[in-house]
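**Q** With the sequence up front, the predicted model follows.
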Amino acid sequence: MDALILSRIQFAANISFHILFPTITIALCWFLLFFRLRFVKTRDPAWEEAYYFWTKVFALTFALGVVSGIVMSFQFGTNWPGFMEKTGNIAGPLLGYEVLTAFFLEASFLGIMLFGRGRVSERVHLAATFLVALGTTLSAFWILSLNSWMQTPAGYEIVDGKFMATDWLAIVFNPSFPYRFAHKLLASTLTASFLIAGLCAWQLLKNRATAGTHKALRTAIVAASVAMPLQFLAGDMHGLNTLEHQPAKIAALEGIWHTEKSAPLTLLGWPDEAAGTTHYALKIPKAASLILAHDINAELKGLNEFPGAHPPVAPVFWGFRIMVGVGTLMLLVAWWGAWTLWRQRGRKAVLSRPLLWTLTGMTFSGWLATLAGWYVTEIGRQPFIVYGLLRTSEVATQIAPPMIALTLTAYLVVYGLLLITYVGVLKYMAEHPVHPAPEAPHGELGKAGV
C-alpha cells in the first residue's frame, strides 16, 4: 500500500480510538451535574453515591481521551502536512479556540470536581462540575465546527492555493454544523446512557448494586428513551442537509447508481461498484425519494453523476445500515426499560433478568453506532478532504510507506491493549463499588428501588 492509503488507515485507527472517549465524556459530565443537583436538593445519599462512582468513570475516560487527542494533533504534521499548509489559516484558529475555551476550562476545574468534595463549599463544587460539563460541550463545538467546515466549506477565499478566512461566523456556523453538532450531542447522550445502564445492570446481576446504582440506572433509561427519538429526528434533518450539499454521499449510502425519480429505498443488498449495481437488493418502491427528500416524486442523483468524485460505496452503504440498525435496537431497548419503569411507578421497580442482560449486552452499543456514523461521514466525503475543493491525495505525506506501516502497527497494538484494559477496569469498578469518603454528610444508604 502507498503512503496515501496507509496514512488514511492510520488516521482512521487513531480517530476511531479517540472518538470513543469524548463520545462518553461530553454527556457523562451532564449526568454527573444532574446527580449532584439531585443530591443538593434532596440530601439523599444515593445520589451522592451515584455521583461519586461515575466521577471516577469520567476521570478514567477523560484521561484516555486527552492522551489519544494529543496523538491526533501530531498526525496533521506527520501524515497530512499539505492539509495544514493549505487550510491552516482556518483549521489552526479553530483548533486553538478549542484549546483556549474548552480544554483549559476542563483542565482548570477538573481537579476541583474530582478532589474538592469536602474541601470546598457545596456551591463551588457544583460550579466546578458545571464548568467541566460546559468545557466538554465547547470542545465538541469547536472540533465539529472544523469538521463540518471541511464537509461544507463557507466563509473563505483561496489565495495562492491557500484558504483564507473572509467571514468567521460563516466558517464556524457553516451549513452542516448545526445538524452535525446536534447529532453528536444526542449520540453522546445515548452512548453515556447505555454505558451507565449497562454497568448498573451488571451490578444488579452480580448482586453488587448500591442505592446509587438504582438512581443512575433509572436516569439512564429515561434519558435514552427520550434522546433516541430526537436522534432519529436530528438524523433526518441532517440527511436533508447532506442531500443538498453532498449528494454523492447520499447516493453512496443508499446505493443509488443512476439518477432517477421516485427512487426505491434499498434496505439490504450487496453493492458492487465495479458492476454499478446492488446484488440481492431488498427494495421498497419510491421510499428513498420520500425519506430523503420528503417528496415521493423527487429526483435523486445517482453515482453516475459524479465520475471519479464519489466515495467508495460499500463502506458508506454498510456503515449507514449498521448505524441505523443499532439505533433502532437502542430505541426498542430504551422503551422496553422505560415501559417497565412506568408500569411499576409509585413502588419499587424490579427489572427482569432478560432486560438486565440485554442492557448489559448493549453497554457499548453507542460506540458501535458512533463509529459506523463517523465512517459514513468521513469516508462519504472522499475523495476530498475539503469537500469539492481539495482532494485527500493532494495533501498526503511523502514519508516512506514502511515507516507509516511501522507506526500504524504500533498504534494498533497499544490502542488494542488500552481498550481491553479500559473495559476491564470498568468491569472491576462495577463489581467493587467504593462508598464515598466521609468528608460529606452521609445517611444510611438502605436498599432503594430503581
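**A** Arrived safely, thanks for sending.
**Q** Count the residues that sit near Ser352.
**A** 10 (other Cβ atoms under 10 Å). From N, CA and C alone the C-beta is placed, and that goes for glycine too.
**Q** again with Leu300
**A** When neighbours are counted by other Cβ under 10 Å, Leu300 comes out with 21.
**Q** Is it bridged to anything, and to what?
**A** Here Leu300 sits in beta bridges with Glu260, going by DSSP bridges.
**Q** Check it and give its pLDDT.
**A** If you check Leu300, the pLDDT there is 89.
**Q** part of a helix, is Pro178?
**A** Yes: counting by DSSP: H, G, I helix; E, B strand; the rest coil, Pro178 falls inside a helix.
**Q** My read is that Ala216 contacts Tyr51, right?
**A** No: contact criterion Cβ atoms under 8 Å: Ala216 and Tyr51 do not qualify, at 9.0 Å.
**Q** Touching both of the two, which residues are there?
**A** Phe35 (Cβ atoms under 8 Å, 6 or more residues apart in numbering).
**Q** Apart from its neighbours in sequence, what residue is nearest Pro247?
**A** Lys301 (4.6 Å; Cβ to Cβ, 6 or more residues apart in numbering).
**Q** which ones are touching that neighbour?
**A** Taking Cβ under 8 Å, 6+ apart as the test, what Lys301 contacts is Pro247, Ala248, Ile250, Ala251, Ile256, Thr259.
**Q** mind listing the strands in the stretch 201-350 of the chain by residue range?
**A** 260-261, 265-272, 277-284, 299-300 (DSSP state E, counting those that start in this stretch).
**Q** A helix includes Pro153, no?
**A** No: using three-state DSSP, the assignment for Pro153 is coil, not a helix.
**Q** That one - nearest residue in space that isn't next to it in sequence?
**A** Val386 (5.5 Å).
**Q** For the one you found, grab the count of nearby residues.
**A** Val386 has 23 nearby residues by other Cβ under 10 Å.
**Q** Okay, and the beta partners of it?
**A** Leu390.
**Q** Just list the residues touching it, thanks.
**A** Contacts of Val386 (Cβ under 8 Å, 6+ apart): Thr87, Trp149, Met150, Pro153, Phe163.
**Q** where in the stretch 301-450 of the chain is pLDDT low?
**A** Within the stretch 301-450 of the chain, the set of residues satisfying pLDDT under 70 comprises 346-349, 435-450.
**Q** and Val386, how far is that from Val172?
**A** Distance of Val386 to Val172, computed by Cβ to Cβ, to the nearest Å: 16 Å.
**Q** Check Ile399 too.
**A** Ile399 is 32 Å from Val172, by Cβ to Cβ.
**Q** try Thr137
**A** Per Cβ to Cβ, Thr137 is found 15 Å from Val172.
**Q** Pick out whichever of those two has more residues nearby.
**A** Under the neighbour definition other Cβ under 10 Å, Thr137 and Val172 were set side by side, and Val172 has more, 19 against 16.
**Q** Okay, Phe39 and Thr340: tell me how far apart.
**A** In terms of Cβ to Cβ, Phe39 sits 25 Å off from Thr340.
**Q** Next: Leu351.
**A** Separation of Leu351 from Thr340 (Cβ to Cβ): 6 Å.
**Q** Which one's more surrounded, those two?
**A** Leu351 (23 against 16).
**Q** quick one, what contacts the more buried one?
**A** Leu351 neighbours (Cβ under 8 Å, 6+ apart): Ala201, Leu204, Leu217, Gly337, Thr340, Leu359, Val450.
**Q** at 10 Å what do you get?
**A** 197, 200-201, 204, 214, 217-218, 221, 336-337, 340-341, 344, 358-359, 450 (Cβ atoms under 10 Å, 6 or more residues apart in numbering).
**Q** and it, that's in a helix?
**A** No: assigned with three-state DSSP, Leu351 falls outside any helix and is coil.
**Q** distance of it from Thr360?
**A** Leu351 is 11 Å from Thr360, by Cβ to Cβ.
**Q** Return every residue with contacts to both of those two.
**A** With Cβ under 10 Å, 6+ apart, Leu351 and Thr360 have common neighbours Ala197, Cys200, Ala201, Leu204.
**Q** Quick check: Val66 touching Ala107?
**A** Yes: with contacts counted by Cβ atoms under 10 Å, Val66 reaches Ala107, the gap being 8.6 Å.
**Q** higher neighbour count, those two?
**A** Taking other Cβ under 10 Å, Val66 and Ala107 do not tie; Val66 has more neighbours (17 against 14).
**Q** list the contacts for that one?
**A** So Val66 contacts His18, Phe21, Pro22, Thr25, Phe103, Glu106, Ala107, Leu110 (Cβ under 10 Å, 6+ apart).
**Q** Helices of the stretch 1-150 of the chain, start to end?
**A** 3-42, 45-78, 81-98, 104-115, 122-151 (DSSP state H, counting those that start in this stretch).
**Q** Export the ones you listed to TSV and append columns for distance to His238.
**A** TSV is the format used below for these (distance: least, Cβ to Cβ, whole Å):
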stretch	distance to His238
helix 3-42	17
helix 45-78	24
helix 81-98	20
helix 104-115	27
helix 122-151	11
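**Q** export those helices to a markdown table and tack on mean pLDDT?
**A** Supplementary listing: those in a markdown table, determined by pLDDT from 0 to 100:
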| stretch | mean pLDDT |
| --- | --- |
| helix 3-42 | 92 |
| helix 45-78 | 88 |
| helix 81-98 | 90 |
| helix 104-115 | 86 |
| helix 122-151 | 92 |
